[in-house]
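Enquirer: model this:
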Amino acid sequence: MKYVQIIFSPTGGTEKVSRALAANWPSAELVDLSDAEGDYAKTIFWPEDVALIAMPSFGGLAPQIALERLSRVKGNGARCILAAVYGNRAYEDTLIQMEDTAEKCGFQIIAAVSAVAEYSIMRRYAAGRPDRADCGQLADFGRKIDEKLRRGDLSKPAIPGNRPYKKAGGAGLVPKADPSCTECGLCAKRCPVRAIDPKAPKRTNPKKCISCMRCVSVCPQKARKVNGAMVSVAALAIKKACSGHKENELFL
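Expert: Now for the predicted structure:
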């Protein structure tokens with residue numbers, strides 16, 4: 001039996017949630033869905049295996065590229081836990097999209113989690129989350145899930161969301177390089193969708209960019225940014241929805 005974390009975490013928040021959930025589990029392998037060169041068809045499970053699949057919620061939906069890469073994995077009846085990570089607004093149809101894709105891969109879903117992490121663009125929302133209290137709660141969720149696994153309980157939880165899924169929003173905010181960019185190429189190398197030209201890293205293809213903010217988070221010069229005025233407008237538009245302290249949820 002093996003434990004595997006399958007994650008898409010451009011800026012690290014989803015990975016932190018995944019680590020907290022699996023804190024008391026046996027050592028787990030990692031499949032990184034943000035790797036544009038990954039051969040995901042080679043990831044094969046068997047019924048005795050356990051997979052934790054974690055993705056961020058972008059505007060209430062799972063990232064399409066992450067779902068597409070997950071769809072190549074062969075679940076073969078392995079037990080599966082889903083985790084949707086969102087920036088204190090709402091995860092809406094993210095979990096149910098993940099559910100549909102995981103089941104098509106052949107996974108048996110036995111638990112699901114929604115968790116809050118710092119908003120990757122408007123970092124004032126859910127700043128610092130998951131914090132110590134969140135990580136403790138998520139580790140407790142992991143223990144409860146492990147207890148269910150040990151009982152051999154393969155019942156599927158009721159997972160929130162709607163079919164058909166909500167419509168995707170319009171174009172997102174595309175980070176751009178400022179004059180301090182040294183063209184080191186790290187952003188192009190780490191971009192999950194190859195939206196940045198490796199020969200000219202100051203250029204980003206807006207049609208490919210998914211506004212995941214990976215390039216912003218990895219830039220050693222802090223030279224990549226989104227338009228400040230546009231961020232302020234967007235932050236004001238979602239201020240009411242992001243106010244308050246959203247709680248993590250466990251579905252068993």
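Enquirer: And the residue nearest to residue 124 when sequence neighbours are not counted, what's its pLDDT?
Expert: Among residues not flanking residue 124 along the chain, residue 235 sits closest, at 6.9 Å (C-beta to C-beta, 6 or more residues apart in numbering). (Each C-beta comes from the backbone N, C-alpha and C, glycine too.) In the predicted model, residue 235 carries a pLDDT score of 80.
Enquirer: Check which helix or strand residue 235 maps to.
Expert: helix 228-237 (DSSP states H and E).
Enquirer: outside of that helix, which residues touch it?
Expert: 121-122, 124-125, 173 (C-beta atoms under 8 Å, 6 or more residues apart in numbering).
Enquirer: switch the cut-off to 7 Å
Expert: With contacts defined as C-beta atoms under 7 Å, 6 or more residues apart in numbering, helix 228-237 is touched by 121-122, 124, 173.
Enquirer: The least confident helix or strand in the chain by mean pLDDT: how far from the chain's middle?
Expert: Least confident helix or strand, the chain: helix 228-237 with a mean of 82, by mean pLDDT, DSSP states H and E. Distance of helix 228-237 from its chain centroid, counting by C-alpha atoms, centre = their mean, to the nearest Å, is 23 Å.
Enquirer: Report the buried residues of that helix.
Expert: 231, 234-235 (16 or more other C-beta atoms under 10 Å).
Enquirer: What residues does residue 18 make contact with?
Expert: 5, 7, 52, 54, 83.
Enquirer: secondary structure element for the third one?
Expert: Using DSSP H and E, residue 52 falls within strand 50-56.
Enquirer: Skip ahead from that strand and say which helix or strand is next.
Expert: Sequence order places helix 64-70 as the next helix or strand after strand 50-56, per DSSP H and E.
Enquirer: Now do the buried residues in that following helix.
Expert: Using 16+ other C-beta under 10 Å as the test for burial, helix 64-70 gives 65-67, 69-70.
Enquirer: Residue 80: neighbour count?
Expert: 27 (other C-beta atoms under 10 Å).
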